[in-house]
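# Sharing a sequence plus its predicted fold:
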Amino acid sequence: MNTIESVSRRVFLRGALVGGAFVLSARLIPEKLWAAEGEAAAAPFEPSLWMSIAPDGTVTIVAHRSEMGCGSRTALPLVVADELDAEWSRVKIEQAIGDPKYGEQDTDGSHSVRSNFDLMRQVGATGRMMLISAAAAQWGVSPGDCTTEPHFVVHRGSGRKLGYGEVAAAAAKLPVPKKEDVPLKDRSQWRYIGKEKNSLFDLPEIVTGKAIFGMDATMPGMVYASIEHPPVLGQKIKSYDDKAALKVPGVQKTLTMETFKPPHLFQPLGGVAVIADNTWAAFKGRKSLKIDWDNSPHSVYNSGPFRKTLETTSRQPGKVVRNVGDVDVAFAKAAETGGKIIEAEYYTPHLAHVSMEPPVAVVEYRDGKVLAWAPTQNPQAVQETIAGVLGIKKEDVTCHVTLLGGGFGRKSKPDQVAEAAVLSKQLGKPVKVVWSREDDIHFDYFHSVAAMYMKAAIGPDGRPTAWLQRTVYPPIASTFDATARYADDEMGLGWNNLPFDIANHRAENGPADYHVRIGWLRSVANVYHAFAIHSFADELAHNARKDSVQYLLDLIGPARIVNLDAKGDDAQDALKYPLDTARLRRVVEIVAEKSGWAKRSADKGKGRGMGIAAHRSFLTYVATVVEVELDNRGQVHIPNVWTAVDAGTVVSPDNIRNQFEGAAVFGTSLALFSEITATNGMIDQSNFNNHQITRMNRAPRHVDVHIVQSEAPPAGVGEPGVPPFAPALFNAVFAATGKRVRELPLSKTKLV
Amino acid sequence: MIRFKVNGKEKSFDGDPDMPLLWYLRDVAELTGTKFGCGMALCGACTVHQNGAAIRSCTTPMKEVGGAEITTIEGIAPMHPVQKAWMEIRVPQCGYCQTGQIMQAIALLKENKNPSDLEIDTAMSGNLCRCGTYQRIRAAIHQAAKETA
């Protein structure tokens, strides 16, 4: 068992973890039993790690995933509480620190529920079984004659009851039953899983302003820091003048921070930190700094010319990532027989995450150990990054996770937490690093700019006989390896798993250099991959003079499991979550019905139109129809969006609707407004005035989300709503105007 | 010395008169329900009431709050009908912008007891929500209007 001794940790925290899960009086099942499955494999099964029951009956459940708005912090404890048969109002949630004993904790990739559902059921069910055994022993009856109702063990024959709190201490002394002996509830017995009434655990605190986000965390005696980062990635300070800054009331001092050595990873960027009594003084002091920066190889980065480079690469053969049949033979044959060849190129820009809460962290370094409070998606990455930067053991870094004011992938990268650690070590006191919105936009780990080249040969029936797709962008791998030029994990994100029934198909990836930090953003490469694939599919439908929905169903082809040659998803996923075109067809059919596609889509042109796209990502099947209306200035309005979702088994349906409603707004931002560009290596945008995201008056007026009833294993819900949105919207714009726009965002193209 | 009231309590401030009210509230008064989002009155996360009207505290310097009555989310007695509607409609996702949204909505309903969709959009479009909860915000404002009617 690799737990850090809990008493010493509490001493180190000086009481910060009061009421924590490790100090409760009645711990259940203190032994390790079996390894969890799947991505949590590193975690031993240890119910006491996940929950405890106090004598007063309070059930404390540990949330080991971060809450950034997707509901993970509520969903997993709900699963435990359901199998435990606990009364939800008597459940407390304790947020876990970063620790490998919980297994993987990076709340990204839409997999919190998917990877932990079975484990959480097991935790709750094991607890319930032990409570029953303890009560049965007390009564001198057989456990088989007992059952539970919320928070009570009940003896069926006599109707006697014992509260969970009354038997918790006895239960903790019992041997832990084997996994195969622990019965799980039948679906029909679930009280919480899949129910409409579920709401976020933190809802009351959120609406009253009591919820604690990273921005709200404090430590006694802390100082505030704002950092002037190198404007171009990798620049170093040549000289600087802080005289004026030091005259600003409240400014204490300035400190220089070393620029990282490549690869940049999650290391601090470098720069000059202004240390002050409060956030405002630090911000104000920074404005008076004069810094002379040296050159960086990334000063050459200009978005216009870079786009041309990407597009040129996309026209050359690339690395083959999936190959079915032989597209070259098929294209040659089409050329010989006078068949039609269609080519199209698509372009999508960099995007910034712009979580409403900018990056922030409070950190104390003391006696070789670090205590951090941060809004992080990945507390173990905080441990690893700080350990690496300060040269200490990661076990000596304790990371507490606050609520996150949005994350979207940005907060998987803890560079600002590492900055606070570096500064705290130098200053000998706790430091709160606060990024301004300008810092957030200038120094994001950006969603990559991308160019896609598509080519199809069309048979006499209007269907493609060959489909070639090529994608080029600076890869996320460049954040970890400065020489990386090809995509890696991005290929599984909607590129090497095309679900279409086409005899000859090849997917390729071309090389590109990075000049800014590249990272994950909600649904990641699916954004540009889906934009190209589903725009192109609609172009082919139009070419064939077929209805877009009928053509899409025809492209998907008959119900089958798509053979991905183990390339599409990782091996485990492919077994548990095969790419099933029956499920993809179903969401298309449902969304067509719910949107009244057959009737409404006929009423197109004259500034009105509907478009569809269907995309599977994070193992969830989604089809979206977007309706657009153009006003006389050519501005696009979105009266309606319909989405059908098959995410397998769902925990909180209303939260899932909220996620997909939000994905339509997020999708609207990237489809209509958002673009990050660079000039001489510096980011051109800085705040919400020149980097637009969707406001209420431009958001979809009505988003209708239909969840497909399914008993399949749970899949992702945080991200999968995003990818089909932009292509569906652009296909609607085509239906409305006859203009095929092949680049994001739409605001760059004049429609009238 | 600048004198004013926050949530009904007398306060005074003799620091940098340029300091925005937001940072006074958060760093000095330790009322952290009011959020920092942009610093330029572009996102509405910092919305509070000055003499009952919604303002952006991030661009309101302390020198302009002399004599004012400031109300923050902490000064709204729970559960206000707007907060109740937010709970029932289950508006929030991450929740960071929601205190600003709620303060803006309360100010709107004070002036307009039964706002139309268009009036809600006009009043609320200065409040950004990156999670995209706008549809639920609109529904919650309608519900709160009904409740208070």
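Great, that's in hand.

# can we go C-alpha only for contacts and neighbour counts from here?
Noted.

# Give the residue spans of the chain that score low on pLDDT.
Since you didn't name a chain, this refers to chain A. For chain A, applying pLDDT under 70 flags the ranges A:1-46, A:565-573.

# can you tell me the residue of it closest to chain B?
Closest residue of chain A to chain B, CA to the nearest CA: residue A:69 (3.4 Å).

# With adjacent residues omitted, what lies nearest to that residue?
Counting by CA to CA, 6 or more residues apart in numbering or on different chains, residue A:69 lies nearest to residue B:94, which is 3.4 Å off, once chain neighbours are set aside.

# That neighbour: how many residues sit nearby?
Other residues within reach of residue B:94, judged by other CA atoms under 10 Å in any protein chain shown, total 29.

# now the residue of chain B found nearest chain A: how far from residue A:232?
As assessed by CA to the nearest CA, chain A sits closest to residue B:94 within chain B, at 3.4 Å. Counting by CA to CA, to the nearest Å, the gap from residue B:94 to residue A:232 is 31 Å.

# again with residue A:702
As defined by CA to CA, residue A:702 lies at a distance of 41 Å from residue A:232.

# can you list the domains in chain B?
With domains defined by automatic domain parsing, chain B comprises B:2-75, B:81-148.

# Check chain A too.
Following automatic domain parsing, one gets these domains for chain A: A:6-208, A:214-295+A:359-434, A:315-351+A:446-748.

# Mind putting the ones you listed into a markdown table with mean neighbour count?
Formatted as a markdown table, these follow (neighbours: other CA atoms under 10 Å in any protein chain shown):
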| stretch | mean neighbour count |
| --- | --- |
| domain A:6-208 | 20 |
| domain A:214-295+A:359-434 | 22 |
| domain A:315-351+A:446-748 | 21 |
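
# Could you dump the ones you listed into a markdown table with distance to residue B:123 added?
A markdown table is the format used below for the domains of chain A (distance: least, CA to CA, whole Å):
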| stretch | distance to residue B:123 |
| --- | --- |
| domain A:6-208 | 19 |
| domain A:214-295+A:359-434 | 23 |
| domain A:315-351+A:446-748 | 9 |
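
# Spit out the contact partners of residue A:590.
By CA atoms under 8 Å, 6 or more residues apart in numbering or on different chains, the residues touching residue A:590 are residue A:644.

# residue boundaries of the strands in the stretch 401-550 of chain A?
Under the criterion DSSP state E, counting those that start in this stretch, the stretch 401-550 of chain A contains strands at A:431-434, A:450-458, A:464-472, A:504-510.

# Would you format the ones you listed as JSON lines with distance to residue A:246 included?
Putting the strands of the stretch 401-550 of chain A into JSON lines (distance: least, CA to CA, whole Å) gives the following:
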{"stretch": "strand A:431-434", "distance to residue A:246": "18"}
{"stretch": "strand A:450-458", "distance to residue A:246": "43"}
{"stretch": "strand A:464-472", "distance to residue A:246": "47"}
{"stretch": "strand A:504-510", "distance to residue A:246": "49"}
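
# So residue A:639 sits against residue A:625, correct?
No - using CA atoms under 8 Å, residue A:639 makes no contact with residue A:625, being 11.3 Å away.

# need the contact list for the nearest residue to residue B:93 once chain neighbours are set aside.
Spatially, and ignoring its direct neighbours in sequence, residue B:93 is nearest to residue A:69 (4.1 Å; CA to CA, 6+ apart). The neighbours of residue A:69, taking CA under 8 Å, 6+ apart as the test, are A:404-406, B:92-95, B:131.

# For residue A:579, give me phi and psi.
Main-chain torsions, residue A:579, degrees, to the nearest 10: phi -80, psi 110.

# what packs against the helix or strand containing residue A:120?
Using DSSP states H and E, residue A:120 falls within helix A:112-139. If contacts are counted by 3 or more CA pairs under 8 Å, 6 or more residues apart in numbering or on different chains; DSSP states H and E, helix A:112-139 sits against helix A:47-50, helix A:72-84, strand A:146-149, strand A:152-155, helix A:164-172.

# and those as TSV, adding distance to chain B?
Below are the helices and strands packed on helix A:112-139 laid out as TSV (distance: least, CA to the nearest CA, whole Å):
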stretch	distance to chain B
helix A:47-50	23
helix A:72-84	11
strand A:146-149	27
strand A:152-155	29
helix A:164-172	29
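
# want to try a markdown table for these, with distance to residue A:582 as columns?
Putting the helices and strands packed on helix A:112-139 into a markdown table (distance: least, CA to CA, whole Å) gives the following:
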| stretch | distance to residue A:582 |
| --- | --- |
| helix A:47-50 | 37 |
| helix A:72-84 | 28 |
| strand A:146-149 | 39 |
| strand A:152-155 | 43 |
| helix A:164-172 | 45 |
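
# quick one on the thing from earlier: just give me the closest of the contacts of residue A:69 to residue A:736.
Nearest to residue A:736 among the contacts of residue A:69: residue B:131, at 28.1 Å, using CA to CA.
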